Every structure is written in structure tokens, then in C-alpha cells.
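In: Okay, predicted coordinates and the sequence, questions at the end:
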Amino acid sequence: MAKTSKPGGKLDIAICYADKRWRKIPGLRTRLKHATQSLWHYLPDYVALQAQAALLLTHDEAMQQLNHDFRGHDKPTNILSFPQFGAQDIQQLSVQKPSVFLGDLAMGYQYVAAEAKSEHKILLDHVTHLMIHGILHLLNYTHDTGQDAEQMERLEKTVMQDLGLPDPYAPIKVANPVRRRQRTKVK
């Protein structure tokens, strides 16, 4: 996948912290800003020259409510995307508007932190991947079919690699746990 040069173009992400635990992740804002710029260079040329998106960093209760209200699932999830445009509209955006708001994203802290831990991932890397994944959903990328999933995952992997981060879909490698010797009572 080739990186393209989009002179003057950029993708800005507005970040809103609704849960203070997100602020404790060192370098989060800077990383996410870099990730949006990296992603931007791998997108097709039809994407608008200037784009914006908003990211709400919240907690699981808010995510459960959003997921219930907008998707009919009464449970928290890692990321939600609320695109402003359909797939056909995205291709026309750069022709009609030099600047466009793509939509909103939301992430819940507890779910994302637990998921990173269970998958043996660094939290900052996992959040970065989820944001990239969410932005692609704003651009109407899907993983509904095998071919769509492959295309979306390939783009996610490419951007993560460009940032010097691990493949988010690589199998988890966990070292063998150290076995503790059972203590026997001396009589």
C-alpha cells in the first residue's frame, strides 16, 4: 500500500476527555494526532483535502448507553463510530467541499484497558489501533465480508507499521508462566 502525498491536506481529531483515567496515559494526545496524520496519507485521493473527526474518551457506562441507543446492544464495547456520510457520499466530498467533518468516535476506558490487558497489548498502542479502526469506519470501511475485512486490516496494519507499532492482528505471544514450586511442610 503506497503512501500518498496530499499537499495541504490533513485530518484533525478533536479529543474530549469525559473520564480522567484517559489523561493518565502518557503521550496519548500526541500519539493519536500522529496516527491521524499517518492514516491520512494512506487514504484514497477522493477523500476531502481537509477533514475533521471528534473522539470522546469516556467510560463503560456511557459506552453501554451509546451502544444501546444507537446499535441496540445493551453492553459496552471498545469503540463506536458515528459516520456523517454514506459510502457513496465519501467519494464526492473532495469535489463538493474542501473541508468536511467525518463524524464522531467514542471509546470506553474500562473495556479498552481490560481488552489490552487480556490481549497482552500496550494500552497506548491498542487505543491507537482502535482510533485508526474507528476513523476507517467513519470513511465507510467495513469488515462485513472477507474481502472488506482484508482491505481494512491491511490499511490498519500499514498505518501501525508506519508509526513503528506492532501488528494489531498478530497472534498473541505469551511467555510460559513460571511455575512456582509448591512448598511442603517440614515435619
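Out: In hand now; what should we look at? As the structure is a computational prediction, the values presented were derived from the model and not from experiment.

In: just the helices in the protein please.
Out: 28-40, 60-71, 87-96, 109-118, 123-138, 146-162 (DSSP state H).

In: Can you show me the CA trace of the first one as PDB?
Out: Output in PDB follows, covering the C-alpha atoms of helix 28-40 (Å, rounded to 0.1, in the frame of the first residue of the first chain):
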ATOM      1  CA  LEU A  28      -1.900   9.800  24.300                       C
ATOM      2  CA  ARG A  29      -2.900  13.100  22.600                       C
ATOM      3  CA  THR A  30       0.300  13.300  20.700                       C
ATOM      4  CA  ARG A  31       0.200   9.700  19.500                       C
ATOM      5  CA  LEU A  32      -3.400  10.000  18.300                       C
ATOM      6  CA  LYS A  33      -2.600  13.200  16.400                       C
ATOM      7  CA  HIS A  34       0.300  11.400  14.700                       C
ATOM      8  CA  ALA A  35      -1.800   8.400  13.900                       C
ATOM      9  CA  THR A  36      -4.400  10.500  12.200                       C
ATOM     10  CA  GLN A  37      -1.800  12.100  10.000                       C
ATOM     11  CA  SER A  38      -0.200   8.800   9.100                       C
ATOM     12  CA  LEU A  39      -3.600   7.300   8.200                       C
ATOM     13  CA  TRP A  40      -4.400  10.300   6.100                       C
END
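
In: Show me what the spatially closest residue to R23 that is not a sequence neighbour is bridged to.
Out: The shortest distance from R23 to any non-neighbouring residue, by CB to CB, 6 or more residues apart in numbering, is to Y17 (5.6 Å). For every residue, glycine as well, the C-beta is placed using N, CA and C. With DSSP bridges as the criterion, the beta-bridge partners of Y17 are L57.

In: How about residues contacting stretch 16-32?
Out: 13, 15, 54-59, 62, 108-109, 113, 123-124, 127-128, 131, 163 (CB atoms under 8 Å, 6 or more residues apart in numbering).

In: If we use 6 Å, what do you get?
Out: For stretch 16-32, the external contacting residues (CB atoms under 6 Å, 6 or more residues apart in numbering) are I13, L56, L57, T58, H59, Y109, L124, T128, M131.
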